[in-house]
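Undergrad: I'll drop the sequence and a predicted model, then ask my questions.
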Amino acid sequence: HPPDDRPLADPRERRFRAQFVTMLLALLMLVSSLVMMPTPPAAQAATLGVGYGNEQLWLGSFSAHGRQAYCMDLEALPPYGTTEHPELKTTLDSLSDQQLALLNYVLGKWGETQSPAVAAAVQMYVWDVADHSAYVVHGGDGNFITRVPASDQGAVLANLATMRSEAASNAVVNPSASMSFEMSDQYNGRLTLTTKPGSMQGTVALTNAKFENGGTTATLGAGAHKIVGTPAEGAPEYRISASFAGQSAGLGAGVDLFYTPGEQRILAVASFEPVSAKTQSPVIPLDLQPEITTQVSSKCVQAGDKFVDGLAVRVTKHSWIKVNGNPVPVEAVGTLYGPFDEQPAEANAPPAGSPVAGTEKVTLTAPGNYTSPGTIVAPESGFYTWVWSIDKTARGENAKYLTDSFTDRFGLVAETSVTPFQP
């Protein structure tokens, strides 16, 4: 190949070029990683919220990250610096669980107020609990109430007294809820909800049941609540379940803390998850109650002709049960009584010694219309009447799916045919 006549590069220049390329690649990788990194939530300065005074002397809430929060460090500088996003705290300084629960209750119930008289009372309450020694040293209620216009001081102190009283009665360290079912039969029962505190309310959602008003969800408090089971069509058994999601604002030992480096920490209601509970009933076995009404196909059956009866079957309890997708078979037995010299009198049962022309069987698998097989032939003139029955005890393993046996009445006109006299 031809000789390379290009001038040789200076070794120092080659090293410089290599170092430059390496630095350029490193810079590109750094910029790329910064672009791809998620941007953390921006910190922001807290501003005056609801209350009395100004930035030099303030009694009330601060607004930070869309929420109202209250100072806990009485002798620290106001939080006008860079206030970070809140963090849930279940331990804080030397505060006890009960003190955290008291703070959380007051912050949850009154912390987001738009009333200066309420916000000022919240701030005094927070200082008194979270920084009690300093609050007392600086004169307590008697001193800080002077930051409030004289016309509002009575309202602020009344609000503060209410907060102290209600928090002492209602604040709880460990809120909880539990539920249980008690059924009076296969469908009717009650759901008992127990909550701590007793005033807690929440949303209860039912599966395979409904409340008295027909709904499957309701806002409920502690107590017993009537329910009605709604099993699926054809189900041989079912279970009822319930879930509860209760209010969490102001309940539990904890607070959300907003930290501002070198300045007062501010507090808001704790961001706890809702109080929850679930329960499920035992398996509830089901059964059905079929009933039969009939109408003879012909009121007049000639001697030697067949008797045919039409059956209308309905279910008066539950629906037709299916096991593994197949309907439970129920055998109906029809007994044709006769002949009688006249239309038999209607009765619950045939008179003793009544003649029997024959019996037939029909297998029932659903509500609807059926026709008897027509195997009985009219032997002679007279009145003939059908009686249909279902015998639960004869159903073997399927007996458990029947509520009870069934027998219709004797001598019903609709179930009676007549065979005319043939001279």
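TA: That came in fine, so what should we check first?
Undergrad: what about R314, how many neighbours?
TA: A count of nearby residues for R314, using other C-beta atoms under 10 Å, gives 11. Backbone N, C-alpha and C define where each C-beta goes, glycine included.
Undergrad: all strands for the stretch 51-200 of the chain, in order.
TA: Ranges of strands within the stretch 51-200 of the chain are 58-64, 67-71, 87-89, 176-183, 188-196, based on DSSP state E, counting those that start in this stretch.
Undergrad: for the third one, packing partners?
TA: Looking back up the chat, that one is strand 87-89. strand 255-258 (3 or more C-beta pairs under 8 Å, 6 or more residues apart in numbering; DSSP states H and E).
Undergrad: neighbouring contacts of the strand it packs on?
TA: Applying C-beta atoms under 8 Å, 6 or more residues apart in numbering, the external contacts of strand 255-258 come out as 46, 64-65, 67, 69, 79, 83-89, 92, 100, 103-104, 107, 265-271.
Undergrad: Separate out the buried members of those residues.
TA: 46, 64-65, 67, 69, 79, 83-84, 86, 89, 92, 100, 103-104, 107, 265-270 (16 or more other C-beta atoms under 10 Å).
Undergrad: among the strands of the stretch 51-200 of the chain, which is the most enclosed?
TA: Ranked by mean neighbour count, the strands of the stretch 51-200 of the chain are led by strand 67-71 with a mean of 25 (mean count of other C-beta atoms under 10 Å).
Undergrad: Can you name every helix or strand that that one contacts?
TA: Counting by 3+ C-beta pairs under 8 Å, 6+ apart, strand 67-71 packs on strand 47-53, strand 58-64, helix 116-130, strand 255-258, strand 266-269.
Undergrad: Indicate which one of the ones you listed is closest to K299.
TA: strand 266-269 (80.7 Å; C-beta to C-beta).
Undergrad: Could you tell me how far that closest one lies from the centre of the chain?
TA: Strand 266-269 sits 30 Å away from the centroid of its parent chain (C-alpha atoms, centre = their mean, to the nearest Å).
Undergrad: State the next helix or strand along the chain beyond that strand.
TA: strand 275-280 (DSSP states H and E).
Undergrad: just checking, what packs against the very next helix or strand once past that following strand?
TA: Sequence-wise, the next helix or strand downstream of strand 275-280 (DSSP H and E) is strand 284-285. Judged by 3+ C-beta pairs under 8 Å, 6+ apart, the packing partners of strand 284-285 are strand 237-238.
Undergrad: Quick one: mean pLDDT over the strand it packs on.
TA: For strand 237-238, mean pLDDT rounds to 98.
Undergrad: Walk me through which strands that strand pairs with, and which way each runs.
TA: Partner strands and pairing direction for strand 237-238 (DSSP bridges) are strand 284-285 (antiparallel).
Undergrad: So in that sheet, which strands flank the following helix or strand past the partner strand, and in what orientation?
TA: Using DSSP H and E, the next helix or strand after strand 284-285 towards the C-terminus is strand 290-296. Note on strand 290-296: by DSSP bridges, its sheet partners are strand 309-315 (antiparallel).
Undergrad: The strand it pairs with: how far from the chain's middle?
TA: The answer for strand 309-315 is 41 Å, by C-alpha atoms, centre = their mean.
Undergrad: Also stretch 233-247?
TA: 9 Å.
Undergrad: And that stretch, what's buried?
TA: Those would be G234, A235, P236, Y238, I240, A242, S243, F244, G246, Q247, for stretch 233-247 by 16+ other C-beta under 10 Å.
Undergrad: quick one: contacts for the closest residue to the third one other than its chain neighbours?
TA: Put plainly, it is P236. Spatial nearest neighbour of P236, chain neighbours left out: I321 (5.0 Å); criterion: C-beta to C-beta, 6 or more residues apart in numbering. Counting by C-beta under 8 Å, 6+ apart, I321 touches G234, A235, P236, L286, D287, L288, P327, V328, Y401.
Undergrad: redo that, cut-off 7 Å
TA: Shown in contact with I321 (C-beta atoms under 7 Å, 6 or more residues apart in numbering): G234, P236, L286, L288, V328, Y401.
Undergrad: so P329 makes contact with T363?
TA: Yes. Counting by C-beta atoms under 7 Å, P329 touches T363, with 5.2 Å between them.
Undergrad: residue nearest the centroid of the chain?
TA: What sits nearest the mean C-alpha location of the chain, by C-alpha atoms, centre = their mean, is A205, with 2.2 Å.
Undergrad: That one: what's it in contact with?
TA: So, once contact is read as C-beta under 7 Å, 6+ apart, A205 ends up touching T216, T217, A242, S243.
Undergrad: Any idea which of the strands of the stretch 51-200 of the chain gets closest to D408?
TA: strand 188-196 (28.3 Å).
Undergrad: Could you list the residues in contact with that closest one?
TA: So strand 188-196 is contacted by 172, 175-183, 204, 220-228, 242, 244, 246 (C-beta under 7 Å, 6+ apart).
Undergrad: Flag every buried residue along stretch 149-168.
TA: D152, A155, V156, L157, N159, L160, M163, R164, A167.
Undergrad: Closest to S276 out of these?
TA: Using C-beta to C-beta, A167 comes nearest to S276 of the buried residues of stretch 149-168, at 24.0 Å.
Undergrad: And the pLDDT at that closest one?
TA: At A167, pLDDT is 96.
Undergrad: Just list the residues touching it, thanks.
TA: L102, Y105, V106.
Undergrad: Nice, that's everything, thank you.
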